[in-house]
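# Got a predicted structure plus its sequence, pasted below:
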Protein chains: 2
Amino acid sequence: MLGIGELSRATEVKVPTIRYYEEIGLLPAPARTASNRRRYPLEAVQRLRFIRHARELGFDIPAIRALLALEGDGEPPCHRADAIARAHLDQIDQRIARLTALRDEISQMLADCDRACDDHCRVLEVLADHSHCRHQEH
Amino acid sequence: MLGIGELSRATEVKVPTIRYYEEIGLLPAPARTASNRRRYPLEAVQRLRFIRHARELGFDIPAIRALLALEGDGEPPCHRADAIARAHLDQIDQRIARLTALRDEISQMLADCDRACDDHCRVLEVLADHSHCRHQEH
DNA sequence: CTTGATGCTCTAGTCACTAGAGATTGTAGC
DNA sequence: GCTACAATCTCTAGTGACTAGAGCATCAAG
């Protein structure tokens, strides 16, 4: 059995975050000692590591809830876990594409600025007028 | 002069967002009509477009505040604007690198899952154990 | 037996909005 | 002038995923 601080060190999840996960029902409320302190079984380490790792991978909490629900429901969970992860992958690809477009635009803006700096500031100008740039849609 | 709705349509910034920008001092409080409605001068369109575009590029509000402060302070603003944009570019590069690493990991996880699905679910396993994966650090 | 670390609950703050209530005002058609 | 109804006003509260802090109780070590 572990105290919340030990669990925190074992999983690298901060103590208030553990309590927060309990509050939103992501982590089951553990037993308490006579003095009202949380005592976690060893399995809590696994579950919390799972949550932490999924969060690091950018899964949001509803998605993690769905993944956790797949464990121990009898059916082979692979297909549904796969679908959740695949949807997440699509989102990440979109975010990378968007960020790459922004990167190019800002980098272009800075290059323009180097050439035009003496005259007038390109950075402010480009930011002021959307039509100066190559990126489309939010 | 424009009403808030017209300003909203001209800039594609939603009405409550315009009021929010006023509240946090990003957009100066405009004159009011006798019946207390906001009347914006035409310059507000420029300023709000600037803000919107910078937000789309991922600048946060303190950064935008800094950029706006550069306008009209007499000094050639290029160098400071350049520094702000350049720092921002670094951040974007880091975000792209992180997302790309996550993408690769999830994609690898899914590929493993395809091969091992009949035995046991790789997706859940990889998520449960950080050591299964290639990505390092948060 | 005291000290300092750890734990508890509770409230409020973060960021950049978004949503909604409930009231008033402006505009168009009749 | 009357009636809809769209636009606007202020105000409060909610979002996601925590984080920070107050103020108290309890535990382990010296």
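Perfect, thanks for sending it. Numbering: from 1, shown residues only, chains lettered A, B, ... in the order given.
# Give the burial count for residue A:46, as a bare number.
13 (other C-beta atoms under 10 Å in any protein chain shown). Every C-beta, even on glycine, is put in place using the N, C-alpha and C of the backbone.
# quick one: what helix or strand has it in it?
Element membership for residue A:46 (DSSP states H and E) is helix A:43-56.
# Is any residue of the top helix by length along chain A near chain B?
Among the segments of chain A that qualify as a helix by DSSP state H, the longest is helix A:78-116. Yes - against chain B, helix A:78-116 shows contacts by C-beta under 8 Å from any C-beta of the partner chain at A:78-79, A:81-82, A:85-86, A:88-89, A:92-93, A:95-96, A:99-100, A:102-103, A:105-107, A:109-110, A:113.
# so how far is the helix holding residue A:46 from its chain's centroid?
If you compare the mean C-alpha spot of helix A:43-56 with that of the full chain, they lie 13 Å apart, counting by C-alpha atoms, centre = their mean, to the nearest Å.
# and if you look at stretch A:54-66?
7 Å.
# pLDDT value on the closest residue to residue A:48 other than its chain neighbours, please?
Taking C-beta to C-beta, 6 or more residues apart in numbering or on different chains as the measure, residue A:48 lies nearest to residue A:11, with 4.4 Å between them; neighbours along the chain are not counted. Among the per-residue scores, residue A:11 holds a pLDDT of 93.
# Check residue A:117 too.
57.
# Kindly report the same for residue A:77.
Model confidence at residue A:77 (pLDDT) stands at 54.
# count of residues packed around residue A:103?
Residue A:103 sits with 19 neighbouring residues when counted by other C-beta under 10 Å.
# got the contact list for the nearest residue to it once chain neighbours are set aside?
Excluding the flanking residues, the one nearest residue A:103 by C-beta to C-beta, 6+ apart is residue B:92, at 5.0 Å. With contact taken as C-beta atoms under 8 Å, 6 or more residues apart in numbering or on different chains, residue B:92 is in contact with A:99, A:102, A:103, A:106, B:58.
# Can you turn the buried part of those into a ChimeraX selection?
The ChimeraX command for the buried members of the contacts of residue B:92 (criterion: 16 or more other C-beta atoms under 10 Å in any protein chain shown) is given here:
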select /A:99,102,103,106 /B:58
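# ok, and of the contacts of residue B:92, which contact DNA strand C?
Restricting these to those within reach of DNA strand C (C-beta under 7 Å from any atom of the strand) leaves nothing.
# Contact residues of chain A facing DNA strand C?
Proximity of chain A to DNA strand C is assessed by C-beta under 7 Å from any atom of the strand, with A:3, A:4, A:5, A:6, A:8, A:15, A:16, A:19, A:36, A:37, A:38 identified as the residues in range.
# Done for today, thanks.
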